[in-house]
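K.L.:
sequence-free structure coming up:
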């Protein structure tokens, strides 16, 4: 029971920290003023095996979104992991890319081993004048 409570409290702490970082981050529209829409197709792989439970599409509400793309690792046993792809995505958006993709290795730990999950993403953006 103590282990379960610790994991739950640890997860809540990480969520609160992420929310605080999002609140403190500059707004996406301020960083890329001509950005109209942004969609990110996201999934994780381990080795070359896609992990279907992590596959999702994120529709970013550009007018209100933080300029922060720090995505959690979907492995529930991963500690201190995640995928901060903020720099790569902002670089693509500020260059005006309408389609971009990238990967990011989780730097967390699962027990005594490295996490080994890799985030893969494809972004689609539209811009105004």
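P.N.:
Cool, got the structure. What you are looking at is a predicted structure, and each value in this text was computed from that prediction instead of being measured.

K.L.:
Just confirm residue 17 is within a strand.
P.N.:
No: per DSSP: H, G, I helix; E, B strand; the rest coil, residue 17 lies outside any strand segment and is helix.

K.L.:
any idea how far residue 10 is from it?
P.N.:
11 Å (CB to CB, to the nearest Å). C-beta coordinates here come from the backbone N, C-alpha and C atoms, glycine included.

K.L.:
Please pull up the helix or strand immediately following the helix or strand bottoming out on mean pLDDT in the chain.
P.N.:
Lowest by mean pLDDT, DSSP states H and E among the helices and strands of the chain is helix 2-24, with a mean of 77. Later in the chain than helix 2-24, the nearest helix or strand by DSSP states H and E is helix 28-31.

K.L.:
pLDDT below threshold where in the protein?
P.N.:
Applying pLDDT under 70 to the chain picks out residues 1-4, 6-7, 11.

K.L.:
Let me see the contact set for residue 58.
P.N.:
39, 40, 42 (CB atoms under 8 Å, 6 or more residues apart in numbering).

K.L.:
So what sits opposite residue 109 in the bridge?
P.N.:
Counting by DSSP bridges, residue 109 is bridged to residue 79, residue 114.

K.L.:
Tell me who's in contact with it.
P.N.:
Neighbour list for residue 109: 78, 79, 80, 81, 115 [criterion: CB under 8 Å, 6+ apart].
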